[in-house]
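In: The amino acid sequence is not available; the structure is as follows:
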């Protein structure tokens, strides 16, 4: 008994650890396979469960901003706030005012541009000045959904990046991950919140609230899967720009006449 | 078969772990999760019905206010949505059909938001140099005393 004590104990330990590893491996394999099966075998052509007649496979939404048309009235930001009950101090869309000189530039967005813009004094000679409306870019390869640890952030088949507030744990990773500053943690629900392109409107055939009220058509919204769509025509045939293209996020919010100073 | 007991214990343990994991998964993972991707598919429909449509657009306003709508369409403010100055239609005609008088903003700030002269605005857009408008500074004056917002003239 005493001479085989060490050996016996050793082999038992090996046996136990080996068995447990094997069992663990089996469990992981079983779970992995079932998870994979459930995510890949889902219907791909069926409309949204519980979503009525709207078929998200027939649309691919895109946003288009012509910065030369923006007058900085802030009607879009006000409409967004009213339409989506966005809490004070937070913005799903906002307007930035740029003043650009030879060596210097100045950007401001007082209250997101909601109340318009007061006259501004910059400490340099500004050669040009302009407004740039900003909004969630609804990126095709978006970093915000990649970092979500609970699957609360996702991109729909029709191209909108949404947040499932019921699943969101409010960790704020997505807020950090978004290079455009489009997300915030809602002060009441403590979950991530952002522009939805007014998903409750666009799925009913309406435009987002900001586009509906824009008096100069600086903001446009369209469907890249619809023939004859004005936004699709611009995106397909004109020279369009995106914000921070070097990050390879593939924004679905396109700009025309964007200045080099705009990020 | 002195060692059979050990194998039996391990098998029981593994079986228990398996059952706990499968039950836990069933309880913790939402029903529609993974249907289309790594998210709860039911949330898409929830987002579609998340809130009522407030901004209905100028055409909806014209259904009742055809005269003013026609005047607006013929004038310089033809592209200015009614809801910019009058608040969203959803706050005027409520979901139950009742009508609430909308706020009418006659303030200077409303007009100045668009028309105060500013370097950042497109040069072709009509802007007012408030210091040199008609008879001197007009900052804070009521624009609507002279200008008709539904069909403004310079």
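Out: All right, it came through fine. Worth saying up front: this structure is predicted, and the values here are computed from it rather than measured. Numbering: from 1, shown residues only, chains lettered A, B, ... in the order given.

In: Where does pLDDT dip in the chain?
Out: Since no chain was named, I'll use chain A. A:1-10, A:12, A:15-16, A:19-20, A:22-46 (pLDDT under 70).

In: wrong chain, I was asking about chain B
Out: Ranges of chain B meeting pLDDT under 70: B:1-2.

In: Longest helix in it, please.
Out: helix B:4-28 (DSSP state H).

In: How about residues contacting stretch B:145-153?
Out: Contact with stretch B:145-153 is made by B:68, B:71-72, B:74-77, B:85, B:111, as judged by CB atoms under 8 Å, 6 or more residues apart in numbering or on different chains. Placement of C-beta: from N, CA and C, glycine included.

In: packing partners for the longest helix of chain B?
Out: In terms of contacts (3 or more CB pairs under 8 Å, 6 or more residues apart in numbering or on different chains; DSSP states H and E), helix B:4-28 is packed against helix A:5-40.

In: List the strands paired with the following helix or strand past the helix it packs on, with their directions.
Out: Using DSSP states H and E, the helix or strand that directly follows helix A:5-40 along the chain is strand A:61-66. Strand A:61-66 has the following strand partners under DSSP bridges: strand A:219-223 (antiparallel), strand A:253-256 (parallel).

In: Can you tell me what sits against strand A:61-66?
Out: In contact with strand A:61-66 (CB under 8 Å, 6+ apart) are residues A:132-133, A:135, A:138, A:158-160, A:197, A:202, A:208, A:211, A:217-224, A:231-232, A:234-235, A:240, A:252-257.

In: Break down the chain into its helices, ranges please.
Out: No chain specified, so I'll use chain A. Using DSSP H, helices in chain A cover A:5-40, A:75-84, A:143-147, A:173-177, A:199-202, A:209-213, A:230-237.

In: that's the wrong chain, I meant chain B
Out: Using DSSP H, helices in chain B cover B:4-28, B:42-48, B:58-62, B:66-74, B:82-86, B:108-115.

In: Do I have it right that residue A:128 meets residue A:97?
Out: No: Residue A:128 is not in contact with residue A:97 according to CB atoms under 8 Å; the separation is 11.6 Å.

In: picking that back up, with mean neighbour count as extra columns, can I get the helices of chain B in JSON lines?
Out: Shown next, in JSON lines, are the helices of chain B (neighbours: other CB atoms under 10 Å in any protein chain shown):
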{"stretch": "helix B:4-28", "mean neighbour count": "11"}
{"stretch": "helix B:42-48", "mean neighbour count": "21"}
{"stretch": "helix B:58-62", "mean neighbour count": "17"}
{"stretch": "helix B:66-74", "mean neighbour count": "14"}
{"stretch": "helix B:82-86", "mean neighbour count": "23"}
{"stretch": "helix B:108-115", "mean neighbour count": "19"}
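
In: Turn those helices into a markdown table, including distance to residue A:142.
Out: Shown next, in a markdown table, are the helices of chain B (distance: least, CB to CB, whole Å):
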| stretch | distance to residue A:142 |
| --- | --- |
| helix B:4-28 | 26 |
| helix B:42-48 | 16 |
| helix B:58-62 | 34 |
| helix B:66-74 | 40 |
| helix B:82-86 | 31 |
| helix B:108-115 | 33 |
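
In: Name the nearest residue to residue A:60, sequence neighbours excluded.
Out: residue A:224 (4.3 Å; CB to CB, 6 or more residues apart in numbering or on different chains).

In: Next up, the contacts around the one you found.
Out: A:60-62, A:159, A:231-232, A:235.

In: what residues go with each domain of chain B?
Out: B:4-48, B:54-104, B:105-154 (automatic domain parsing).

In: What is the distance between the first one and the centre of its chain?
Out: When you say that, I think you mean domain B:4-48. Chain-centre distance of domain B:4-48: 38 Å, with CA atoms, centre = their mean, to the nearest Å.

In: Tell me the span between the first and last residue of that domain.
Out: 59 Å (CA to CA, to the nearest Å).

In: ditto for the last one
Out: Looking at domain B:105-154, the gap from its leading to its trailing residue is 20 Å under the measure CA to CA.

In: circling back: rebuild the strands paired with strand A:61-66 as CSV, extending it with mean neighbour count.
Out: Listed next are these as CSV, based on neighbours: other CB under 10 Å:
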stretch, mean neighbour count
strand A:219-223, 22
strand A:253-256, 21
